[in-house]
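>>> Dropping a prediction and its sequence here:
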Amino acid sequence: MLRLSDISTYYGQIRALDLVNLVVEPGEIVAIIGANGAGKTTLLNTVCGILNARHGEVYLEGKPISDLSAEAIVRLGVSHVPERRQVFSTMSVIDNLLLGAYHRRDGAVRQDVEQMFEFFPILQKRQKQAAGTLSGGEQQMLAIARGMMSRPKLLMLDEPSVGLAPLMVREIMRIIADLRARGTTILLIEQNAKAALGVADRGYVLETGRIVLEGTAKELMADEGVQKAYLGKGNKVQLARCRADTDTYACIDDESIKSCVMCPARNGNGSVLTSGGALVL
Ligand SMILES: Nc1ncnc2c1ncn2[C@@H]1O[C@H](COP(=O)(O)OP(=O)(O)OP(=O)(O)O)[C@@H](O)[C@H]1O
Ligand SMILES: [Mg+2]
């Protein structure tokens, strides 16, 4: 379906991607995991034609697409759900969905809106509401549904779990699995390695613009380096506080806040049990 061959992308003199090679086969969910600044968004923007690679080629179904415009790439069946779920906040839910089909000339757009409402019942309930008034999770659903409105062969999602509570992250990952079951191939970019590798078939680890590791999701989850760097395993940490805005992450460390992980101090229904004290992840 998709192949990147020796892709290097620059911002001026800064090399953000360095000879990246990756493959997404039809029907797969492929995850790319990496920390802040690793080049994940740059990679997606290079595939969808927002950025031009300085070196290498992107192939879609065997055909080079690097020289095509972003719009032409959408027409070929690549849809991109950008990071931070950029919905058009003053527009209604339904108008956001219709925008996702702006380039389509076939008569089945309304039918697809109905299908998205079936798939995301909450969006049907909120269809007349301004998108900006939806909750974070609902906005993420709308962003995904809008991405699906172009009837993509390949759906690329940039950090769909960011800022969402664990239950909503699970729901979004379930939706991603369902979309694949309906025949959409998915490239999933995530910092939340646990969530991404939980749903993906295969994955790649991106570090400062380079693919440093690849394998099946199972292999990556079992990898010691991945466990330490991305799954937070084996590190003794201090649970400092949970983020007030989303209640999703625990910021952890001895004194200063070094990193954020999914709050481990939650009970089964997702509420925070405690903060403070040390724990081993
Ligand atoms: N417009 C830009 N101009 C200059 N440098 C940029 C620009 N956008 C990104 N970069 C740099 O390129 C590198 C990769 O950025 P990118 O946004 O792709 O990372 P990311 O993996 O998506 O990070 P995050 O998880 O924070 O979204 C970073 O070092 C970043 O500072
Ligand atoms: Mg990014």
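Good, I have the coordinates. Residues are numbered from 1 along each chain as shown. Ligands and ions are numbered 1, 2, ... in the order given.
>>> Residue ranges in the protein under the pLDDT threshold?
Counting by pLDDT under 70, the chain has low-confidence residues at 232-281.
>>> if you set the cut-off to 80 instead, what comes out?
By pLDDT under 80, the weakly predicted segments of the chain are 84-85, 163, 228, 230-281.
>>> Strands along that one, start to end?
2-11, 14-24, 29-33, 55-60, 63-64, 78-81, 154-158, 185-190, 202-207, 210-216, 236-242, 249-252, 259-262, 278-280 (DSSP state E).
>>> Tabulate those strands (a markdown table), appending distance to residue 89.
C-beta here means a position set from N, CA and C on the backbone, and glycine is covered the same way. What follows is the strands of the chain, written out as a markdown table (distance: least, C-beta to C-beta, whole Å):
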| stretch | distance to residue 89 |
| --- | --- |
| strand 2-11 | 28 |
| strand 14-24 | 29 |
| strand 29-33 | 28 |
| strand 55-60 | 31 |
| strand 63-64 | 36 |
| strand 78-81 | 16 |
| strand 154-158 | 18 |
| strand 185-190 | 23 |
| strand 202-207 | 30 |
| strand 210-216 | 35 |
| strand 236-242 | 26 |
| strand 249-252 | 24 |
| strand 259-262 | 26 |
| strand 278-280 | 38 |
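>>> I'd like the ones you listed as a markdown table, with mean neighbour count appended.
Listed next are these as a markdown table, based on neighbours: other C-beta atoms under 10 Å:
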| stretch | mean neighbour count |
| --- | --- |
| strand 2-11 | 18 |
| strand 14-24 | 19 |
| strand 29-33 | 26 |
| strand 55-60 | 18 |
| strand 63-64 | 10 |
| strand 78-81 | 24 |
| strand 154-158 | 25 |
| strand 185-190 | 24 |
| strand 202-207 | 22 |
| strand 210-216 | 16 |
| strand 236-242 | 17 |
| strand 249-252 | 22 |
| strand 259-262 | 16 |
| strand 278-280 | 11 |
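>>> which ones are touching the closest residue to residue 149 other than its chain neighbours?
In space, and not counting its chain neighbours, residue 149 is closest to residue 100: 3.1 Å by C-beta to C-beta, 6 or more residues apart in numbering. Applying C-beta atoms under 8 Å, 6 or more residues apart in numbering to residue 100 gives the contacts 79, 145, 146, 147, 148, 149, 150.
>>> what's the spacing between the residue in the chain that ligand 2 sits nearest to and residue 9?
Residue nearest to ligand 2 within the chain: residue 41 (3.1 Å; C-beta to the ion). Residue 41 sits 11 Å away from residue 9, going by C-beta to C-beta, to the nearest Å.
>>> Spell out which residues of this structure are next to ligand 1.
By C-beta under 6 Å from any ligand atom, the residues of the chain that approach ligand 1 are 11, 14, 16, 34, 36-42, 83, 191.
>>> let's go with 8 Å and repeat that
Contact residues, the chain versus ligand 1 (C-beta under 8 Å from any ligand atom): 11-12, 14, 16-17, 34-43, 45, 83, 158-159, 189, 191, 206, 208-209.
>>> Make a ChimeraX selection of the buried ones in those.
Selection command for ChimeraX covering only the buried members of those, criterion 16 or more other C-beta atoms under 10 Å:
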select :16,17,34,38,39,40,41,42,43,45,158,159,189,191,206,209
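>>> Give me the subset of the residues of the chain next to ligand 1 lying in helices.
40, 41, 42, 43, 45 (DSSP state H).
>>> so what's the last one up against?
Spelled out, it's residue 45. Taking C-beta under 8 Å, 6+ apart, one finds residue 51 in contact with residue 45.
>>> and if you look at the fourth one?
The neighbourhood of residue 43, defined by C-beta under 8 Å, 6+ apart, consists of 4, 7, 9, 17, 20, 32, 189, 206.
>>> if you set the cut-off to 10 Å instead, what comes out?
4, 7, 9, 16-17, 20, 22, 32, 34, 51, 53, 58, 156, 158, 187, 189, 204, 206, 209, 211 (C-beta atoms under 10 Å, 6 or more residues apart in numbering).
>>> ditto for the first one
Contacts of residue 40 were listed using C-beta under 10 Å, 6+ apart, and they are 16, 17, 32, 33, 34, 83, 158, 159, 189, 190, 191, 206.
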